[in-house]
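Chemist: here is a sequence together with a model predicted from it:
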Amino acid sequence: MGRTSKDKRDIFYRLAKEQGWRARSAFKLLQADETFCLLEGLTRAVDLCAAPGSWSQVLAKRIYEPLEPSDRQNVKIIAVDLQGMAPIEGVTQLRADISKESTAETIIEFFAGEKAQIVVSDGAPDSTGMHEFDCYVQSELILSALSIATYVLETGGSFVAKIYRADKISRVYTQLKRFFKDVCVFKPSASRNSSIEAFVVARQFCLPEGYKPCNLTSEWHDHPKSSWVARLNADPPIVHVPFVAYNGDLDSDRTYDLDENYVYKEAVQQPLTAAYQEVLKKTGEVNLKYKSIKVVHDQELYMDWCKVAPEDAISKQEGFQIAETKNKAS
Ligand SMILES: C[S@@+](CC[C@H](N)C(=O)[O-])C[C@H]1O[C@@H](n2cnc3c(N)ncnc32)[C@H](O)[C@@H]1O
């Protein structure tokens, strides 16, 4: 398969590169904004699970860039992720785990007494391929994002988060309904029909009476019966929320031919700490131990990795070869 193949199979991937977005996910937030008018006139936003940063780019473009330079100092956008990401003008970065209490505290400090008007989260765990487990971890991430929202969101604010439409997802709707007057599920056309991914768009935030913001995930684990989560899940246990689909011209499940003016473009921003580097390192070690195994995911990336491989990784591999040879000889 040539390098243009993905450009044909994924129109939003191609457009993202052409329009300068770091990831095709940008279109998901753009389509949500177009449908619900979420970002108009805002100055304070939180982007959770933000790397490589295309949602932060959208926030900067819609919130920060339209302002006169003198008004830009009032804008507060914070992007949080476990991974580092390249800088974006107008966006402050925090490398942290959204499930940690300390992360919420740092975000609160960042707003210095003010509150955010929107919290967005495109968080996704590393997929294990075990559907039930992946969905469970995803729902934990939503709960972490919701916990942070309960600390930092102003009354009337909005919350957008990625969900997996799977078994038990109605629990998430129920929980969200306790905090937001208006909750719906949104499916952007940039999200494949074949994918269980969708987004909750929750608006008109209002803390329930007597509710004290806390880390809902740890509360739930430590006190499963008496926690707020248990109370949030109870009575009525299931709520129904509207489903809204983005009605666009482009279909992410379709293949589009490349027209005659097509010019191949590289990705806008390579990830700073790509998860695949760890995989390539391990693959390299396995290759040496069991010589018949040869898995090269991408020749160019593999060569790049070899160039920057730490000295000790290489000597460890040589050590392996020597040990194996010695064993055979004796
Ligand atoms: C689909 S990507 C986000 C893409 C991003 N919205 C964009 O537009 O570029 C999911 C991100 O979730 C992050 N993530 C997963 N679990 C996290 C956690 N517990 N805390 C912070 N970030 C997390 C991953 O590091 C990954 O960068």
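Modeler: Thanks, I have it.
Chemist: the strands in the stretch 1-150 of the chain, which residues?
Modeler: Remark: strands assigned in the stretch 1-150 of the chain by DSSP state E, counting those that start in this stretch are 44-48, 76-81, 92-95, 116-121.
Chemist: so which bits of the stretch 101-250 of the chain are right by the ligand?
Modeler: 122-125, 141 (Cβ under 6 Å from any ligand atom). Every C-beta, even on glycine, is put in place using the N, C-alpha and C of the backbone.
Chemist: try 8 Å this time
Modeler: 103, 120, 122-126, 141, 144, 162 (Cβ under 8 Å from any ligand atom).
Chemist: returning to what we had before: nearest to R62, out of the strands of the stretch 1-150 of the chain?
Modeler: Nearest of the strands of the stretch 1-150 of the chain to R62, taken as Cβ to Cβ: strand 44-48 at 9.2 Å.
Chemist: and the closest one, what does it pack against?
Modeler: helix 54-59, strand 76-81, strand 116-121, helix 131-152 (3 or more Cβ pairs under 8 Å, 6 or more residues apart in numbering; DSSP states H and E).
Chemist: would a markdown table of the strands of the stretch 1-150 of the chain with mean neighbour count be doable?
Modeler: Rendered in a markdown table, the data for those read as follows (neighbours: other Cβ atoms under 10 Å):
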| stretch | mean neighbour count |
| --- | --- |
| strand 44-48 | 27 |
| strand 76-81 | 24 |
| strand 92-95 | 16 |
| strand 116-121 | 26 |
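Chemist: same list (those strands) but as CSV, adding mean pLDDT.
Modeler: Below are the strands of the stretch 1-150 of the chain laid out as CSV (pLDDT from 0 to 100):
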stretch, mean pLDDT
strand 44-48, 98
strand 76-81, 98
strand 92-95, 97
strand 116-121, 98
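Chemist: for these, give me a markdown table that also has distance to N247.
Modeler: Listed next are the strands of the stretch 1-150 of the chain as a markdown table, based on distance: least, Cβ to Cβ, whole Å:
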| stretch | distance to N247 |
| --- | --- |
| strand 44-48 | 26 |
| strand 76-81 | 29 |
| strand 92-95 | 34 |
| strand 116-121 | 22 |
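Chemist: among those strands, which comes closest to P224?
Modeler: Of all the strands of the stretch 1-150 of the chain, it is strand 116-121 that lies closest to P224, at 23.7 Å by Cβ to Cβ.
Chemist: what angle separates the closest one from strand 76-81?
Modeler: Orientation of strand 116-121 against strand 76-81 (axes from the mean of the first three to the mean of the last three Cα atoms, to 10 degrees) gives an angle of 20 degrees.
Chemist: now do strand 116-121: everything it contacts.
Modeler: 29, 38-39, 42-49, 55, 59, 76, 98, 107, 141-142, 145, 148-149, 152-154, 157-162 (Cβ atoms under 8 Å, 6 or more residues apart in numbering).
Chemist: sheet partners, orientation included, of it?
Modeler: strand 44-48 (parallel), strand 153-164 (parallel) (DSSP bridges).
Chemist: close to the ligand, is the first one?
Modeler: Yes. Legend: contact between strand 44-48 and the ligand by Cβ under 8 Å from any ligand atom is shown at 47-48.
Chemist: 9 is where my numbering starts, stick with that
Modeler: From this message on, residue numbering opens at 9, which makes the last subject strand 52-56.
Chemist: now do that strand: distance to the chain's middle.
Modeler: 12 Å (Cα atoms, centre = their mean, to the nearest Å).
Chemist: mind putting the strands paired with strand 124-129 into TSV with distance to H229?
Modeler: Shown next, in TSV, are the strands paired with strand 124-129 (distance: least, Cβ to Cβ, whole Å):
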stretch	distance to H229
strand 52-56	20
strand 161-172	20
